[in-house]
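[1] When you get a sec, could you give me coordinates for this:
(chains A and B)
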Amino acid sequence: MPAAIVATELSKTYDVKVRDPGIKGALAALARPHYRQVRAVSAVSFAIERGDAVAFLGPNGAGKTTTLKMLTGLLFPSSGRAQVAGCDPWTGGNPFRQRIAFVLGNKQQLLWDLPPEETFRLNRAIYGVSTADFSARRAELVELLVLGDLVDKPARQLSLGERMKCELAAALLHQPEVLFLDEPTLGLDLEAQQTIRTFLGEYRQRHGATILLTSHYMADVTALASRVLIINRGRLLYDGELSELVARIAPIKRIELVLSEPVTRARLEEYGLVAHFALPSATIEVPRESATAASARLLADLAVADLSIQDPPIEEVIRIAFGEGAQDADAEPETPIRADVRRAPP
Amino acid sequence: MNRDASPVAAFRDQYAELMRSAFLIDLQYRASIAIWLIWGITEPIISLGIWWSIAAAGAVDGYTREAFAQYFFGVALVNQATLSWDAWNIDRWIREGEMNYRLTRPIAPIHEAIADNIAYKGPTAAIILTAWLVAAVFWPAARIPFDPGRWMLAIVAIMLAAAIRFLNGYATGLLAFWTTRATALVELQFGISLFLSGRIAPLSLLPPRVVHVAEYLWFPYVVSFPVEVLTGAVHTTAEYARGFAGQVIWLVIWLLLYALVWSRGRRHYGAVGG
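    Numbers count the residues shown, from 1 in each chain, chains lettered A, B, ... in the order given. All right, here's what the predicted structure looks like:
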């Protein structure tokens, strides 16, 4: 079975008008406009198998949304190719659009003045869903997303979280094979974020949908995707398992201790780097491979009330990865970074 | 996908739902629509008032007071049935990123605009027609001769005019793919059309040079011609043929321009927002 998403050397270059500040600059730009080429996405390649969920990570302006917009056929690439759900996104036309859904967290497609039920009706007709399929899918989505009577309230009266749940229901009524989500939990409270995450995981399991999502919330990523794509300044820096990234970027473990008797900071430094020291609790960072041995020694030597071994926080790992990538990208613009862990498309 | 439905039935289903939601949204904005309607008929009423006083001394270039009354009632109806605001919608869709989801749906955004036009213009034109009928009961000057054959031709002329104005507004609005000044261009055309389409005065009363320029543009075919078919000012076969031929030519021209701007604009689209 072919992969659900294949991007091959996708690039997007924008022409950006440059002008000096002030009125003089504005007039000069009017008379003789100058353009500078900005590479938003640079030769990005990856493949995502059917049914997989992959998170696209990168700082603001890294090229995530531009890539998503190319894969959904909204933007034409400057060069490169792509196949999504077996179609070319730019020439696939309506059969392609039937197979995908694109949900933008900060843009709504629900009819603002009408209840979501009206958007559902409209989407049923637009996507040509049969009445029987519509009833069954609508019932399933209402149940999974716990929509209840929200579907009968005008969309403008719904909270952000309620609206996003209805957005997802509207976007999934045609049962797309590939789901693109751009910041689906943006601005939502913790409970709503959790509902959306649980729903997406459940939906993917039930229907085998492929999901490519961007998010700034690491909880979205860890809950939904085991594989991540890291992009910065338009270049793909990492493509692989999240756990592998953690091991690679931060090859340490954090031993979190609660001590029943006081000890000095210097005493703890014998075991590793003391990252946090506020008795009775303390955190020690040790090389990944010696975490077990260090823990055993701690338990033997000190009065330990509680001990746990943790991975470093994922936010920290990603921040380091973005930083590394940015530096490397400046130094060596033509060579893909961490090519060893990038997955080549089949 | 509903594979049982024929493509025609599926398309009809899409239009029915698009029109239904557009109509339900219009109902939410009924107060605004009432104000727009009043604003829409104010312009022909003012023009009628002016020409009514001018014609007090006798007919102006063949136009009696009654002829002016019929003409401007016709303008109110035809203008309502053919006006185009789509450029403002497209401008917003593109500027605020609302075009994105429309481009990922399996239906071109123009169909949503067409359905919106039908859902709005049908009921509002019916309101103006009713107002005209009521006025005609009490005011003989507003009455046009009973001639169902000509009314049928007028309906065809109004539909062609609505299609030309729609495509004109929509294609110009799509220039928003390149510039933030697309709506200004539409406003400019709107201003020119005040004179050249016959909204302020019947075209035959304008200076011959202005009329000569207008004949090379689409403006006379979108208001003046359908109104004159309705009132009977256009009545010879040659006049009908010339008017309908002009409408068809301009319809084809704007259709081609729309297709050109749409395909180029799609490629140029920067997908702003998000």
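[2] Okay, domains of chain A per the record?
    A:5-245, A:252-310 (automatic domain parsing).
[3] Get me the contact residues on the stretch 1-150 of chain B for chain A.
    Contacts of the stretch 1-150 of chain B with chain A, taken as CB under 8 Å from any CB of the partner chain, map to B:1-5, B:10, B:13-14, B:16-18, B:20-21, B:24-25, B:28-29, B:97-98, B:100-101, B:103-107. (Glycine included, C-beta is placed from N, CA and C.)
[4] Mind checking which of these land in helices?
    With DSSP state H as the criterion, helices contain B:10, B:13-14, B:16-18, B:20-21, B:24-25, B:28, B:100-101, B:103 from among the residues of the stretch 1-150 of chain B next to chain A.
[5] Output those in a markdown table, with pLDDT and neighbour count appended to each entry.
    Converted to a markdown table, these look like this (pLDDT from 0 to 100; neighbours: other CB atoms under 10 Å in any protein chain shown):
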| residue | pLDDT | neighbour count |
| --- | --- | --- |
| B:A10 | 93 | 20 |
| B:D13 | 96 | 16 |
| B:Q14 | 96 | 22 |
| B:A16 | 97 | 12 |
| B:E17 | 97 | 18 |
| B:L18 | 97 | 22 |
| B:R20 | 97 | 17 |
| B:S21 | 97 | 22 |
| B:L24 | 97 | 15 |
| B:I25 | 96 | 17 |
| B:Q28 | 93 | 15 |
| B:N100 | 91 | 24 |
| B:Y101 | 92 | 24 |
| B:L103 | 94 | 19 |
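[6] Looking at those, spot the one nearest A:L27.
    B:N100 (34.0 Å; CB to CB).
[7] does that closest one really touch A:G73, like I thought?
    No: judged on CB atoms under 8 Å, B:N100 makes no contact with A:G73 at a distance of 10.6 Å.
[8] re the thing from before, now the domains of chain A as a markdown table including mean pLDDT?
    A markdown table is the format used below for the domains of chain A (pLDDT from 0 to 100):
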| stretch | mean pLDDT |
| --- | --- |
| domain A:5-245 | 91 |
| domain A:252-310 | 90 |
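[9] deepest of the ones you listed, which one?
    Of all the domains of chain A, domain A:5-245 has the most neighbours on average by mean count of other CB atoms under 10 Å in any protein chain shown, namely a mean of 19.
[10] Off-centre distance for it?
    10 Å (CA atoms, centre = their mean, to the nearest Å).
[11] Also stretch A:291-303?
    37 Å.
[12] neighbouring contacts of that stretch?
    Residues from elsewhere that reach stretch A:291-303, judged by CB atoms under 8 Å, 6 or more residues apart in numbering or on different chains: A:253, A:255, A:257, A:259-261, A:263, A:267, A:271-272, A:284, A:286, A:304, A:307, A:309.
[13] Ok, stretch B:19-29 next?
    Against stretch B:19-29 from outside (CB under 8 Å, 6+ apart): A:111, A:113-114, A:118-119, A:121-122, B:33, B:112, B:115-116, B:118-120, B:123.
[14] Kindly report the same for stretch B:197-216.
    The contact list for stretch B:197-216, computed with CB under 8 Å, 6+ apart, reads B:43-44, B:47, B:51, B:60-63, B:71, B:75, B:79, B:193-196, B:219-220, B:222-224, B:227-228, B:233.
[15] Just the ones of these in helices?
    Short answer: the contacts of stretch B:197-216 in helices (DSSP H) are B:43-44, B:47, B:51, B:71, B:75, B:79, B:193-196, B:219-220, B:222, B:224, B:227-228.
[16] Out of the residues you listed, which end up buried?
    Buried positions within the ones in helices among the contacts of stretch B:197-216, assessed by neighbour count (16 or more other CB atoms under 10 Å in any protein chain shown), are B:43-44, B:47, B:51, B:71, B:75, B:79, B:193, B:195-196, B:219-220, B:222, B:224, B:227-228.
[17] Find the pair from these with maximum spatial separation.
    Taking CB to CB, the two most distant members of these are B:W51 and B:V222; they sit 20.5 Å apart.
[18] For A:P77, see how far away the spatially most central residue of chain A is.
    Ranked by distance to the mean C-alpha position of chain A (CA atoms, centre = their mean), the top residue is A:T214 at 2.7 Å. Distance of A:T214 to A:P77, computed by CB to CB, to the nearest Å: 18 Å.
[19] for B:F190, same thing?
    Counting by CB to CB - B:F190 and A:P77 are separated by 38 Å.
[20] Among the contacts of stretch A:291-303, which are located in strands?
    Using DSSP state E, A:K253, A:I255, A:L257, A:L259, A:I284, A:V286, A:V304, A:L307, A:I309 are the members of the contacts of stretch A:291-303 that sit in strands.
[21] Out of those, flag the one nearest to chain B.
    The shortest gap between chain B and any of these belongs to A:K253, at 38.4 Å (CB to the nearest CB).
[22] I'd say the closest one and A:R288 touch.
    Yes: using CB under 8 Å, A:K253 is in contact with A:R288, at 5.4 Å.
[23] Name the residues contacting each of the two.
    With CB under 8 Å, 6+ apart, A:K253 and A:R288 have no common neighbours.
[24] in the stretch 151-300 of chain A, what residue is nearest chain B?
    A:D182 (6.2 Å).
[25] Can you name the residues that contact that residue?
    Taking CB under 8 Å, 6+ apart as the test, what A:D182 contacts is A:K64, A:T65, A:L68, A:F102, A:V103, A:L104, A:G105, A:N106, A:L213, A:T214, B:G274.
[26] want to throw these into JSON lines with distance to A:L30?
    As requested, the contacts of A:D182 are exported to JSON lines (distance: CB to CB, whole Å):
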{"residue": "A:K64", "distance to A:L30": "34"}
{"residue": "A:T65", "distance to A:L30": "30"}
{"residue": "A:L68", "distance to A:L30": "34"}
{"residue": "A:F102", "distance to A:L30": "36"}
{"residue": "A:V103", "distance to A:L30": "40"}
{"residue": "A:L104", "distance to A:L30": "34"}
{"residue": "A:G105", "distance to A:L30": "37"}
{"residue": "A:N106", "distance to A:L30": "33"}
{"residue": "A:L213", "distance to A:L30": "42"}
{"residue": "A:T214", "distance to A:L30": "37"}
{"residue": "B:G274", "distance to A:L30": "29"}
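[27] Inside helices: which ones of those residues?
    A:K64, A:T65, A:L68.
[28] would you turn those residues into TSV with distance to chain B?
    Output for these, formatted as TSV (distance: CB to the nearest CB, whole Å):
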residue	distance to chain B
A:K64	11
A:T65	6
A:L68	9
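[29] Just name the closest of these to A:D220, please.
    Nearest to A:D220 among those, with distances taken as CB to CB, is A:K64, at 13.2 Å.
[30] I'd assumed A:I231 was in contact with that closest one.
    Yes: here A:K64 reaches A:I231: they are 5.8 Å apart, a contact under CB under 8 Å.
[31] who touches both of these two?
    Joint contacts of A:K64 and A:I231 (CB under 8 Å, 6+ apart) are A:F56, A:L57, A:G58.
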